[in-house]
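Novice: turn this into a structure:
(chains A and B)
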There are 2 protein chains.
Amino acid sequence: MKFSFEIQKKDGKSLARRGKFYTPHGVIETPAFMPVGTLATVKSVLPTTLHEIGTQILLSNTYHLYLRPGEEIVQKAGGLHKFMNWDKPILTDSGGFQVFSLGDLRKITEEGVYFSSHIDGSKHFFSPEKVMDIENALGADIIMAFDECSTYGSDKDYAKKALRRTINWLDRCYNHHKNENQMLFPIIQGNMYKDLRIQSAKETIPYAKMGIAIGGLSVGEPKEVMVDMLDTLAPYYPENMPRYLMGVGTPDYIIEGVLRGVDMFDCVLPTRIARNGTAMTSQGKVVVRNAKYKEDFSPLDPECDCYTCKNFSKAYLRHLVNCNEILASTLLSIHNIKFLLDLTKNLREAISNDTLQQFVTEFYAKYYKSHTLYNFG
Amino acid sequence: MKFSFEIQKKDGKSLARRGKFYTPHGVIETPAFMPVGTLATVKSVLPTTLHEIGTQILLSNTYHLYLRPGEEIVQKAGGLHKFMNWDKPILTDSGGFQVFSLGDLRKITEEGVYFSSHIDGSKHFFSPEKVMDIENALGADIIMAFDECSTYGSDKDYAKKALRRTINWLDRCYNHHKNENQMLFPIIQGNMYKDLRIQSAKETIPYAKMGIAIGGLSVGEPKEVMVDMLDTLAPYYPENMPRYLMGVGTPDYIIEGVLRGVDMFDCVLPTRIARNGTAMTSQGKVVVRNAKYKEDFSPLDPECDCYTCKNFSKAYLRHLVNCNEILASTLLSIHNIKFLLDLTKNLREAISNDTLQQFVTEFYAKYYKSHTLYNFG
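Specialist: All right, here's what the predicted structure looks like:
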């Protein structure tokens, strides 16, 4: 089998676990954070730099690559790995979340979704089969099932319908996808309704061969609701495969997820806020543009050993941000991605060393001046 | 003495020479191309990458750094080298060209130039003494005199006045500048009038201790006029110091300059056209956005060994350019800068190997499908 998951250590006081996920393009140590390279590029960062800071796996987007450059170009290039020069694992999402986010520009039917491109208004159609074909052409190691992600605040009737459609579509994805070099991850939905989440988990699990995802969380709901859903789902996950919480990238959400048995996370947050001039540091968030850093010649994060922190001062970074210099995006993205990679690395080590509770408590105190929502028994 | 120049080899058939220019931050092998880092950053390229591709010296801009972040911030940071994390030589221009380019936003008097910031309209004044103070605070190895660069097409009367003022200001710069760790380069002006150029050279040379610059060329005049001015000036340069042709960065202008005894060049061209999606390659210019590269999976330049050419295809670069991805600027800037660095390196080696005429002939034929303007006697 080309994919397998090995649990190396379980934390005694929480559901956290440390593992190794084997894929055709290498091993991913979990818990893992996956930087996002929407258009086959992690914005402003060279692949070689991503290697250097310890990136294990990248996420890329089916919807975006389908529109530009088109999956057939990527396939002719030899697949996404070769196209973007990334020889470690890649995960592609299904475009489900993206097409639903198009609002008036899309129409959902049982057969699939009709939508207009956000770029030029051209008409397109995604069915589960079509999405599998695209993801097969892109050639990522992990491919996501085509799902309907109902909006936070949807009523239960609609949430039920979306859930039913997601299961139907999962079945079609499962039957259409044949490439054994790519692992299909089904997605648990169910909005913020506990019974729907449980039903979704039960119906989704039979399709999960080596990996399962939790979708539709971290979409605007309060943190308490998010962790409540994770607590609800925790007893139902299959044990011996990775669990992936989609779209989560703030330190607290990653930590709360890990404590509830989640193994994988992704988010555009570190690169998006970087382009906006904001950094995540061991001392909490730093808004680099702030005038108080004008003559601050200390590094962005005194505890960080990334290229940015080793070589540049806050005053220099602020100058670049102020002048809208591209290098600001690059330097802050490098730091922010490494911050989350280091966080998951530290979580892995804390699990190994039986110091997870202490690590989490200290991290929360320092970064958020608050404490975890998890109850350590 | 902290600065010296050593001529290692002269070409027999042209005025080209190969040399070593010693500065407090290291040796510059000449002929040399200097990438431009206007705001203390070469747009979109990490300093470590600039090192890797063989950059010997960077240029930065007094006018821009005076406005943002202000020279006092740079000074407090420990100078420009430390501020931007570049430990090799740096040259700062004087802001002369920039303030004159402000048009209606500036007023020139014998005392200096009154101007409004292009950013916020705030009022400022540059005198030769003020500019020396700013350049001293920035701390570059090579600092340029404050000059008046008359526009191409100016009548002779104005060109004469600008020339006279430039000499007067040079005298004031020379008398005001005291830091022996910084070499002041005076600038020859004179517009496109041969007699004024010669007069300017004669009056400027006494102020040139270890380096002299040629300003006001490559400002829109035909190439024939540019080389005519260089031919006119050639007999007047002091022999044992570097000659710097300002603002020149196309391969042909660099080559024509080298053949006429010029040692140093700078230009924003390689990074500016990179951000615009254009590359300089051994086969000539490549407009990456062009549809014909859609499925071209070959490298940008088959003869180049830069990071971009070793790892990515034209199809991928075109995709990034089409999507306005920041990485396009970075990858094309890396390539374009290395292209000019390699060009000057190849010129140095051709001078050493007595193969300059052959190298130049072949380069012109391949890149421009034409031939050099230089007469190899």
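Novice: what's the burial count for A:T204?
Specialist: As a burial measure, A:T204 scores 25 neighbours (other C-beta atoms under 10 Å in any protein chain shown). Bear in mind the C-beta positions are built from the backbone N, C-alpha and C, glycine included.
Novice: helix or strand for it, which one?
Specialist: The secondary structure element spanning A:T204 is helix A:194-204 (assigned by DSSP states H and E).
Novice: ok, A:I337 next?
Specialist: For A:I337, the host element (DSSP H and E) is helix A:326-352.
Novice: go through stretch A:316-333 and flag the buried ones.
Specialist: A:316-323, A:325-333 (16 or more other C-beta atoms under 10 Å in any protein chain shown).
Novice: ok, and which of the residues you listed reach chain B?
Specialist: Taking C-beta under 8 Å from any C-beta of the partner chain as the test, chain B is in contact with A:316, A:318-320, A:322-323, A:325-327, A:329-331 out of the buried residues of stretch A:316-333.
Novice: want to throw the residues you listed into CSV with pLDDT and distance to B:P299?
Specialist: CSV is the format used below for those (pLDDT from 0 to 100; distance: C-beta to C-beta, whole Å):
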residue, pLDDT, distance to B:P299
A:Y316, 98, 34
A:R318, 98, 37
A:H319, 98, 35
A:L320, 98, 30
A:N322, 98, 36
A:C323, 98, 32
A:E325, 98, 28
A:I326, 97, 23
A:L327, 98, 25
A:S329, 98, 26
A:T330, 98, 23
A:L331, 98, 27
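Novice: related to what we said a few turns ago, so what secondary structure elements neighbour the very next helix or strand once past the helix holding A:I337?
Specialist: Counting by DSSP H and E, the element after helix A:326-352 in chain order, helix or strand, is helix A:356-367. Contacts of helix A:356-367 with other secondary structure elements, assessed using 3 or more C-beta pairs under 8 Å, 6 or more residues apart in numbering or on different chains; DSSP states H and E, are made with helix A:251-259, helix A:326-352.
Novice: what's the neighbour count on A:S116?
Specialist: Counted by other C-beta under 10 Å, the residues lying close to A:S116 total 16.
Novice: state the pLDDT value of it.
Specialist: At A:S116 the predicted local distance difference test score is 96.
Novice: what sits against the nearest residue to it once chain neighbours are set aside?
Specialist: The spatial neighbour of A:S116 that comes closest, neighbours along the chain excluded (C-beta to C-beta, 6 or more residues apart in numbering or on different chains), is A:L105 at 4.4 Å. For A:L105, the residues meeting the contact criterion (C-beta atoms under 8 Å, 6 or more residues apart in numbering or on different chains) are A:115-116, A:118.
Novice: just those now: which is nearest chain B?
Specialist: Of all the contacts of A:L105, the one sitting nearest chain B is A:H118; the distance, using C-beta to the nearest C-beta, is 12.4 Å.
Novice: is that closest one in a helix, a strand, or coil?
Specialist: coil (DSSP: H, G, I helix; E, B strand; the rest coil).
Novice: quick revisit: other SSEs contacting the helix holding A:T204?
Specialist: For helix A:194-204, the contact count by 3+ C-beta pairs under 8 Å, 6+ apart identifies helix A:156-176, strand A:187-188, helix A:223-233 as packing neighbours.
Novice: how many residues are close by A:W169?
Specialist: Number of residues near A:W169 (other C-beta under 10 Å) recorded here: 26.
Novice: and the residue nearest to it when sequence neighbours are not counted, how far from A:C173?
Specialist: Spatial nearest neighbour of A:W169, excluding adjacent residues (C-beta to C-beta, 6+ apart): A:P128 at 4.3 Å. Relative to A:C173, A:P128 is positioned 5 Å away (criterion: C-beta to C-beta, to the nearest Å).
Novice: A:N324 too?
Specialist: From A:N324 over to A:C173 the distance is 42 Å, taken as C-beta to C-beta.
Novice: again, but for A:S150
Specialist: When distance is defined by C-beta to C-beta, A:S150 is 18 Å away from A:C173.
Novice: cool, A:T92 as well?
Specialist: As defined by C-beta to C-beta, A:T92 lies at a distance of 13 Å from A:C173.
Novice: next, the buried residues of stretch A:78-88.
Specialist: Taking 16+ other C-beta under 10 Å as the basis for neighbour counts, the residues of stretch A:78-88 that come out buried are A:79-81, A:83-86, A:88.
Novice: in JSON lines: those residues, plus distance to B:I337 and secondary structure.
Specialist: JSON lines is the format used below for the buried residues of stretch A:78-88 (distance: C-beta to C-beta, whole Å; DSSP: H, G, I helix; E, B strand; the rest coil):
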{"residue": "A:G79", "distance to B:I337": "30", "secondary structure": "coil"}
{"residue": "A:L80", "distance to B:I337": "28", "secondary structure": "helix"}
{"residue": "A:H81", "distance to B:I337": "28", "secondary structure": "helix"}
{"residue": "A:F83", "distance to B:I337": "24", "secondary structure": "helix"}
{"residue": "A:M84", "distance to B:I337": "22", "secondary structure": "helix"}
{"residue": "A:N85", "distance to B:I337": "20", "secondary structure": "coil"}
{"residue": "A:W86", "distance to B:I337": "24", "secondary structure": "coil"}
{"residue": "A:K88", "distance to B:I337": "28", "secondary structure": "coil"}
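Novice: what residue of chain A is the furthest out?
Specialist: Here chain A reaches farthest from its C-alpha mean at A:E295, the gap being 36.0 Å by C-alpha atoms, centre = their mean.
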